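J.: when you get a sec, could you give me coordinates for this:
(one chain, ligands or ions: 2)
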Amino acid sequence: MTDTWASGRVALITGATSGFGEAMARRLLAAGAHVIATGRRAERLTALAAELASDRLLTRVLDVRDPSSIDALMADLPAPFDAIDILYNNVGLALGLSKAQEASLDDWQTMIDTDVTGLVRMTRAVLPGMVARNRGDVINLSSVAASYPYPGGNVYGATKAFVRQFSLNLRSDLLGTKVRVTSIEPGMADTEFSVVRFKGDQASADKVYAGVHAMSADDVALVCESVLKLPAHI
Ligand code: NDP
Ligand code: 8X3
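T.: Ligands and ions are numbered 1, 2, ... in the order given. This next block holds a predicted model:
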């Protein structure tokens with residue numbers, strides 16, 4: 001493969017078994033990057049590896065809510081996959097659409113553990129290497145829900161506001177380095193997001209996208225690709 005904008009770059013993608021993460025993994029791999037694709041569903045990772053059949057693709061089971069899972073991933077990356085310079089911090093989920101006075105506290109805790117604590121832990125695991133190499137892109141998946149509330153969005157929206165604000169604060173800390181942080185805040189995109197939100201209820205999930213020209217996962221990957229193509233000073 002001839003050199004491209006992605007040649008020689010190493011991307012760690014969280015949530016690569018579906019949706020935005022899978023689309024980004026495909027795009028990065030096609031563009032020549034080395035890709036570490038992660039997620040909890042081992043069978044999806046195995047299928048992806050079999051389909052894409054590339055020695056630039058490494059798959060690893062990862063649960064971002066489990067610190068030991070993150071430690072094990074980071075401790076066991078063979079060269080050149082150990083020099084990560086793209087962190088696609090994509091894992092996140094919404095659970096339920098109940099109003100705050102009726103919502104499940106367990107669901108709230110799972111969203112916070114995943115969307116906030118998981119993303120923070122992944123960032124803390126990868127950032128020191130990027131700073132040491134003075135090279136890198138952190139792409140954090142926030143949402144329009146970070147800025148625009150809707151009934152039942154309560155804790156999900158708040159986790160995404162955290163992601164956006166965390167991204168802005170990271171920029172302050174990284175000023176003077178060539179590590180760039182980008183908060184991506186998509187609107188509605190047709191992925192497994194709503195099936196997860198409605199806990200497997202496909203009919204309720206389908207209603208979310210009925211009559212709407214929702215984005216695809218690859219549309220979002222295209223936006224992220226345009227960020228990754230920018231020179232480091234932008
Ligand atoms: P999907 O449900 O399609 O994908 C979510 C991915 O996250 C899956 O690969 C899932 O894999 C993984 N995941 C979930 N929990 C964990 C965990 N604990 N540890 C590791 N991996 C986990 O959703 P999207 O692709 O749509 O969402 C991606 C991100 O974009 C999320 O942060 C979401 O909040 C955000 N977003 C989505 C929008 C939309 O409309 N779709 C709009 C705006 C933002 P597995 O189950 O195998 O672990
Ligand atoms: C996902 C988009 O509008 O369903 O973050 O919250 S929305």
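
J.: spell out which parts of the chain neighbour ligand 2.
T.: Contacts of the chain with ligand 2, taken as CB under 6 Å from any ligand atom, map to 143-145, 153, 188. Every residue, glycine included, has its C-beta placed from N, CA and C.

J.: and these, which two are the farthest apart?
T.: Pairwise distances among these were taken by CB to CB; the largest, 12.4 Å, belongs to 153 and 188.

J.: sorry, back to before: filter the residues of the chain next to ligand 2 down to the buried ones and hand me the PyMOL line.
T.: Applying 16 or more other CB atoms under 10 Å to the residues of the chain next to ligand 2, the buried members can be selected in PyMOL as follows:
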select buried, resi 143+145+153
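
J.: list the contacts of the residue nearest to residue 104 when sequence neighbours are not counted.
T.: Ranked by CB to CB, 6 or more residues apart in numbering and with sequence neighbours excluded, the top spatial neighbour of residue 104 is residue 96, at 6.2 Å. Contact analysis of residue 96 by CB atoms under 8 Å, 6 or more residues apart in numbering lists 103-104, 107, 152, 197-199.

J.: now secondary structure and pLDDT too, for those residues, in CSV please.
T.: Putting the contacts of residue 96 into CSV (DSSP: H, G, I helix; E, B strand; the rest coil; pLDDT from 0 to 100) gives the following:
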residue, secondary structure, pLDDT
103, coil, 98
104, coil, 98
107, helix, 98
152, coil, 98
197, helix, 98
198, coil, 98
199, coil, 98
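
J.: buried ones among the residues you listed?
T.: For the contacts of residue 96, buried by 16+ other CB under 10 Å: 103, 107, 152, 197-198.

J.: strands along the chain, start to end?
T.: Assigned by DSSP state E, the strands in the chain fall at 10-13, 34-39, 57-61, 86-89, 136-141, 179-184.

J.: which residue is nearest the centroid of this protein?
T.: Compute the mean C-alpha point of the chain, and by CA atoms, centre = their mean the closest residue is residue 90, 1.0 Å away.
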